[in-house]
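Undergrad: here is a sequence together with a model predicted from it:
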Amino acid sequence: MSRNLTTKSIRQIKSPNGLKPSSSDPAMVPDLPLAPSMKVKGQAGESQNGFQNQISGYYRSVKVGKSVTESSTQIVPSPPVISPSNGKTGSFIYPTMEQKSELNSMVNMGDLDLETAVEYLRRTDEGYHQCGANFIQHICYTEDPPKDRVRELGGIPHLVNMLESLRQGPAQAASGALRNLIYRNKENKILVQKYGGIAKALNLMKRTNSTETKKQVTGLLWNLSSEDEVKHELLKTAIPFLTKNVVLPYGSHEADVDPSVFHYSLGCLRNLSSHGMSGRQEMRNRTGLVQSLVEYLKSCVEEDNTDDKSVEHCVCILHNLSYQIWKERPETLDGFEHLRKEKSEIKESPTPGCFSPRSRKAQKESYTSCPRFDEDMALSKMKGLDKLFDLTAIDTYVALLKTSKDKKTVASCCGVLQNLTAGGEEGAKHVSEQVFPKLNDNSTLRALALSTSPAIQKNILALVDNMSRKSSLHFKTAQAALPVLKEMTMSGTWMDAPPKNVAIGCNTMHRLLLVDYDLSKKYLDKALIFKLMEKDMKEHENDEGTIAVRKLLYNLWTDPFLSSVSKKLKIDKIRYINERTIKVHHELTPSLSGD
């Protein structure tokens, strides 16, 4: 077809009317398997539950082979989170029937075919370039086969070159076409990078004043960021560019940044933050990035806008950046030196009352009488990354837990706190001591633990497990969590809960039952024991949840402390010590000697 295009027709074609919106990739990676027991789970890309293949957060789990009575501090943080599906959100407006009719009367898109559209890209007239790109964007929104056909016809290099056009229309049309071409198409993503598409897209965004073009470019970057093979370049170029030109200005209101451009940019950063340690470190090195994200979340909380579409992206990025923060960025612990010294002085002070330092009575009194530290003075030594876990950040995460209705946001908030409380470092202990009283309000912890969302339940249980391992919180955590864990176990959904959730719940309950005799006596009753035994009776099940139940039953009878309570319930020994529980005990015992 060698139809000549009028100026008016070109204007009609380059307008949004009549074109489908562009698409943004959903999470391209499936849920990650959980890391081996007692390993600090990471996130996608690290074959841990953190940022391995780019999804979700890491969850702490108790090593099945180690006795819970040892109160190990090797805790599992949660995994990396990759951008979820954005649906098919695009920059183009669906036309009204009148607009569609007008467009078709000028240049009937139906008269074009894919081969002709690609041929238009080879012509010298940019009007043809724009028409061909608009058609490709339109057809690739509705169908997948044309994406491969455009690649076979050699259209991608021409579209990439169009990003350098000094005219807004062709450049915007090309970015929209490429955005749809690479949506869920690995080969096209790799080809766009090969022909310099990333650098050209960033240059286009830098020089354009068009919000619509910026939406298309950031949508293109978001889609590219879900492909591992192109992430290395994006880590070095897109992260600093988007931080400087989108995230920081949006948070400070220094520039007029469109909310959709901000949202798409966060989608790209979210995927990149899940790209193993390199992705995390690159983003942690961006001055002001973490602070801007936290301040944005704080503003959403203050404005009662916690379900804003960009909140989830922000929380998931912070979830990923918090993974193994104390180990990967040890300088973040410098600010806690003051806390460590203060606590050391308290430990050296006379034992309260006449109880030994290891007695449960002493633990209770030392916790309640422990002076409040000057957190502001301690944290003032840190720059940048302290905004990830300072009091403002913690208050913001907790506020989101209590107010957001978005399950992914809530799960990731739990994941951030889970990561920050994982481990035996002073930072993890301090965050645990700050988080616990904010969750211990007789409703928040219970609501999260009884959530119908497996991800929320798993992460909050892992967070409780982490806090229960901190010596200063043993008794308080037992007081608050045992009634919740019991209610969860007694609920009608517990028998069919995910094995990982059951395992974390049982292992945490086991540890907390060992904290105080009166609490054990209060919550360890026949109803709870029979519920555990019901799970044990499912002989065909041998998942980690059932194993944790059988381990708990075995220890309820054999542990001197726990047996003093359980034997008073007058339940036959065979219900605790049977072929199934003995087998689990024998399977786990050999691993203890190797630890």
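TA: Received the coordinates, thanks.

Undergrad: please count neighbours and contacts with C-alpha atoms only from this point.
TA: Fine.

Undergrad: so which helix or strand takes in K215?
TA: Assigned by DSSP states H and E, K215 falls within helix 211-224.

Undergrad: got the CA coordinates for that helix in CSV?
TA: C-alpha atoms of helix 211-224 as CSV (Å, rounded to 0.1, in the frame of the first residue of the first chain):
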residue,chain,number,x,y,z
THR,A,211,3.4,13.2,30.1
GLU,A,212,1.9,10.7,27.7
THR,A,213,5.3,9.8,26.3
LYS,A,214,6.7,9.5,29.8
LYS,A,215,4.0,7.0,30.6
GLN,A,216,4.8,4.9,27.6
VAL,A,217,8.5,5.0,28.3
THR,A,218,8.2,4.0,32.0
GLY,A,219,5.7,1.3,31.0
LEU,A,220,8.3,0.0,28.5
LEU,A,221,11.0,0.0,31.3
TRP,A,222,8.6,-1.8,33.6
ASN,A,223,8.0,-4.5,31.1
LEU,A,224,11.7,-4.8,30.3
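
Undergrad: please enumerate residues in contact with that helix?
TA: 22-25, 90-91, 168, 171-172, 175-176, 178-179, 182-184, 189, 198, 201-202, 204-205, 208, 230-231, 238, 258, 260-261, 264-265, 267-269, 271 (CA atoms under 8 Å, 6 or more residues apart in numbering).

Undergrad: filter those down to the buried ones and hand me the ChimeraX line.
TA: A single ChimeraX command selects the buried members of the contacts of helix 211-224 (16 or more other CA atoms under 10 Å):
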select :22,23,24,25,90,91,168,171,172,175,176,178,179,182,183,184,189,198,201,202,204,205,208,230,231,238,260,261,264,265,267,268,269,271
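
Undergrad: list the ones among the contacts of helix 211-224 that fall in helices.
TA: Within those, residues falling in helices by DSSP state H are 168, 171-172, 175-176, 178-179, 189, 198, 201-202, 204-205, 230-231, 238, 260-261, 264-265, 267-269, 271.

Undergrad: returning to that earlier point: now find how far off-centre the helix holding K215 is within its chain.
TA: 22 Å (CA atoms, centre = their mean, to the nearest Å).

Undergrad: for that helix, the averaged confidence score.
TA: Mean per-residue pLDDT for helix 211-224: 98.

Undergrad: okay, angle between that helix and helix 197-207 too, please.
TA: 150 degrees (axes from the mean of the first three to the mean of the last three CA atoms, to 10 degrees).

Undergrad: quickly list the domain ranges of this protein.
TA: 7-24+85-287, 327-593 (automatic domain parsing).

Undergrad: helix or strand right after the helix or strand of the chain at the bottom of the mean pLDDT ranking?
TA: Among the helices and strands of the chain, helix 97-106 carries the lowest confidence by mean pLDDT, DSSP states H and E, at a mean of 28. Downstream of helix 97-106, the first helix or strand assigned by DSSP H and E is helix 114-121.

Undergrad: got a list of contacts for that following helix?
TA: Here helix 114-121 has contacts from 1, 128-133, 135-136, 146, 150, 153-155, 158-159, using CA under 8 Å, 6+ apart.

Undergrad: among those, which ones are buried?
TA: Here, 16+ other CA under 10 Å leaves 128-133, 135-136, 146, 150, 155, 158-159 buried among those.

Undergrad: which of those residues fall in helices?
TA: Filtering the buried ones among the contacts of helix 114-121 for helices - DSSP H - leaves 128-133, 135-136, 146, 150, 155, 158-159.

Undergrad: and the furthest pair within the residues you listed?
TA: Using CA to CA, those reach their maximum pairwise distance at Y128 and P146, which is 19.0 Å.

Undergrad: can you put the buried ones among the contacts of helix 114-121 in JSON lines and add distance to G384 and pLDDT?
TA: Formatted as JSON lines, these follow (distance: CA to CA, whole Å; pLDDT from 0 to 100):
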{"residue": "Y128", "distance to G384": "49", "pLDDT": "96"}
{"residue": "H129", "distance to G384": "46", "pLDDT": "97"}
{"residue": "Q130", "distance to G384": "44", "pLDDT": "97"}
{"residue": "C131", "distance to G384": "47", "pLDDT": "96"}
{"residue": "G132", "distance to G384": "47", "pLDDT": "97"}
{"residue": "A133", "distance to G384": "43", "pLDDT": "97"}
{"residue": "F135", "distance to G384": "46", "pLDDT": "96"}
{"residue": "I136", "distance to G384": "44", "pLDDT": "97"}
{"residue": "P146", "distance to G384": "46", "pLDDT": "97"}
{"residue": "V150", "distance to G384": "45", "pLDDT": "98"}
{"residue": "G155", "distance to G384": "44", "pLDDT": "98"}
{"residue": "H158", "distance to G384": "42", "pLDDT": "98"}
{"residue": "L159", "distance to G384": "40", "pLDDT": "99"}
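
Undergrad: ok, and the closest non-adjacent residue to G155?
TA: What sits nearest to G155 in space, not counting adjacent residues and going by CA to CA, 6 or more residues apart in numbering, is V118, at 5.6 Å.

Undergrad: what count of nearby residues applies to that neighbour?
TA: Close neighbours of V118, defined as other CA atoms under 10 Å, add up to 26.

Undergrad: give me the distance between it and P146.
TA: With distances taken as CA to CA, to the nearest Å, V118 is found 11 Å from P146.

Undergrad: go on, K570?
TA: K570 is 72 Å from P146, by CA to CA.

Undergrad: same check on K194?
TA: 20 Å.

Undergrad: next one: H430
TA: With CA to CA as the criterion, H430 and P146 are 55 Å apart.

Undergrad: then L159?
TA: 15 Å.

Undergrad: what do you get for L514?
TA: From L514 to P146 the distance is 63 Å (CA to CA).

Undergrad: same question, G492
TA: Distance from G492 to P146, by CA to CA: 50 Å.

Undergrad: does M488 touch A449 like I think?
TA: Yes. With contacts counted by CA atoms under 8 Å, M488 reaches A449, the gap being 7.1 Å.

Undergrad: neighbour count for those two, which is higher?
TA: Using other CA under 10 Å as the criterion, M488 and A449 rank with A449 on top: 24 against 19.

Undergrad: if we ignore the residues flanking it in sequence, what's nearest that one?
TA: Q457 is the one closest to A449 (CA to CA, 6+ apart), at 5.0 Å.

Undergrad: that neighbour - how many residues pack around it?
TA: 26.

Undergrad: ok, now which ones touch it?
TA: Per CA under 8 Å, 6+ apart, neighbours of Q457: L448, A449, L450, S451, N501.
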